[in-house]
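Please work out how this folds:
(chains A and B)
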Protein chains: 2
Amino acid sequence: MKLQVAIDRVSLDYALDLAVKLDQFVDIVEFGTSLVKDYGLVEIGKRNPNLSHAQLLLDLKTFDEGPYEFEKGFDAEGDILTVMGAASIDTLKGVYDVTRKRQGEMFIDLMETSDEKITQIADFENVTYGIHHSHDAAIGFDAVSTVADFHKKFPAVKRISVAGGIDLETTKKLAEQGIAESVIVGSKIIKTDDPVASAKQFMEVIK
Amino acid sequence: MKLQVAIDRVSLDYALDLAVKLDQFVDIVEFGTSLVKDYGLVEIGKRNPNLSHAQLLLDLKTFDEGPYEFEKGFDAEGDILTVMGAASIDTLKGVYDVTRKRQGEMFIDLMETSDEKITQIADFENVTYGIHHSHDAAIGFDAVSTVADFHKKFPAVKRISVAGGIDLETTKKLAEQGIAESVIVGSKIIKTDDPVASAKQFMEVIK
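Purely as a prediction, here's the structure:
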């Protein structure tokens, strides 16, 4: 299982510095939607951290104007870009075509996506499908059982990622479960006194 | 009926210049999602066009982390901010609270929002509900009949806006129909040789 570390709600300077520090230790560094909307893809592209080991995911959360946003995201040197599963089929197809053309990777964020819609969009090849519990949700979620249920319901989906308030204990259980291809951890790494040390702890439990 | 002019997929310099030129003639100037994601709210806030007549709408298309994004959007001096109707109820409630606290305005973009969900979220007070045909859609739509159908289906929604490839002829029909509170026009104004002259034409037919 891969570890994706989500950097959110911090300054771009801090995010760039942290990305470089995490580069050698984690699989994917995510620049969250807050960084994209606060600083913009033009600036992120100019100051790209040029990671040597980890992939850079830009959490665009594209909902419309898919081809435009994905071209801009790949221009900013994102390796992986996100689109909402709740977006229209035309938007999803549009970003899929751009992703193939640009030889990048695509991640579909399934937040608030109906089961019916997931079934409709489950067959994109080499695409990661992210089970994502809303940051704003009043009620928590059990990531392990959610992944198990999802896998049963949508066996066609090969590459599953999971996000939403995930801690070390849950990460360990997800690794043992062996279904998810990647886990996304945000505040439980980023908001600690030593994010690099925390990331190493998470990497230990997923080996 | 009000006219909202959407500025999208241009440089921030061009957008700021055009916003100032349109200020006296239109009701709402929209900085589209492309401007937000390309340049970021920090930069947009620093270089705010300080419109004296028109309101500034920032098309955030918020889907998660609602309170954070709306605080940043109001910090950037947006008068009206957008959230997706397809976002979670918790996100919608979160941005509604921030909007009231900051004495701003909120616009719910109903793109890809199910009828069931619209019914659930139809009762926010002083909120605009935007019928929005996807930019990426392969097939066009009839704005006039869509607005009529929507009004019949959701009589509780008082403030309706409509967007998606709308031209002068359709704008005239929408004004005559008298249901929509505002119409959003993008390329039919922005992509003409003289956007200000085009905007004046649109203002003429909605009077």
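
Would you tell me which residues of chain A are close to chain B?
A:8-9, A:33-34, A:36-43, A:60-61, A:63-69, A:72, A:84, A:86-88, A:90-91, A:94, A:111-112, A:114, A:132, A:134-138 (Cβ under 8 Å from any Cβ of the partner chain). Just so you know, the C-beta spots here come from the backbone N, C-alpha and C atoms, and that holds for glycine as well.

do that again at 6 Å, thanks
A:36-42, A:61, A:63-66, A:86, A:88, A:90-91, A:94, A:112, A:134-138 (Cβ under 6 Å from any Cβ of the partner chain).

Quick check: can you name the pairing partners of the longest strand anywhere in chain A and their directions?
In chain A, taking DSSP state E as the definition, the longest strand is strand A:55-62. Next to strand A:55-62 in the sheet, as set by DSSP bridges, lie strand A:28-31 (parallel), strand A:80-84 (parallel).

Which residues does the last one contact?
When you say that, I think you mean strand A:80-84. Residues from elsewhere that reach strand A:80-84, judged by Cβ atoms under 6 Å, 6 or more residues apart in numbering or on different chains: A:55, A:57-63, A:70, A:73, A:95, A:105, A:107-109.

For that strand, what does the pLDDT average out to?
Strand A:80-84 carries an average pLDDT of 98.

what's the following helix or strand after that strand?
Moving toward the C-terminus from strand A:80-84, the next helix or strand (DSSP states H and E) is helix A:89-101.

angle of that following helix against strand A:55-62?
Put simply, helix A:89-101 runs at 160 degrees to strand A:55-62, going by axes from the mean of the first three to the mean of the last three Cα atoms, to 10 degrees.

who's in contact with helix A:89-101?
A:64, A:66-67, A:70-71, A:83, A:106, A:121, A:124, B:136-138.

contacting residues around the closest residue to chain B within chain A?
Minimum separation of chain A from chain B (Cβ to the nearest Cβ) falls at A:Gly40, amounting to 3.2 Å. Counting by Cβ under 6 Å, 6+ apart, A:Gly40 touches B:38-40.

Present the strands paired with strand A:55-62 as TSV; the columns should include distance to B:Gly164 and mean neighbour count.
TSV is the format used below for the strands paired with strand A:55-62 (distance: least, Cβ to Cβ, whole Å; neighbours: other Cβ atoms under 10 Å in any protein chain shown):
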stretch	distance to B:Gly164	mean neighbour count
strand A:28-31	30	26
strand A:80-84	18	26
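
closest to A:Ser182 out of these?
strand A:28-31 (6.8 Å; Cβ to Cβ).

and which of the contacts of A:Gly40 is nearest A:Ala163?
Of the contacts of A:Gly40, the one sitting nearest to A:Ala163 (Cβ to Cβ) turns out to be B:Gly40, at 23.0 Å.

Spatially nearest residue to the closest one, not counting backbone neighbours?
The spatial neighbour of B:Gly40 that comes closest, neighbours along the chain excluded (Cβ to Cβ, 6 or more residues apart in numbering or on different chains), is A:Gly40 at 3.2 Å.

tilt between the helix or strand hosting that neighbour and strand A:55-62?
Assigned by DSSP H and E, A:Gly40 falls within helix A:33-46. Relative orientation of helix A:33-46 versus strand A:55-62 (the same axes, to 10 degrees): 120 degrees.
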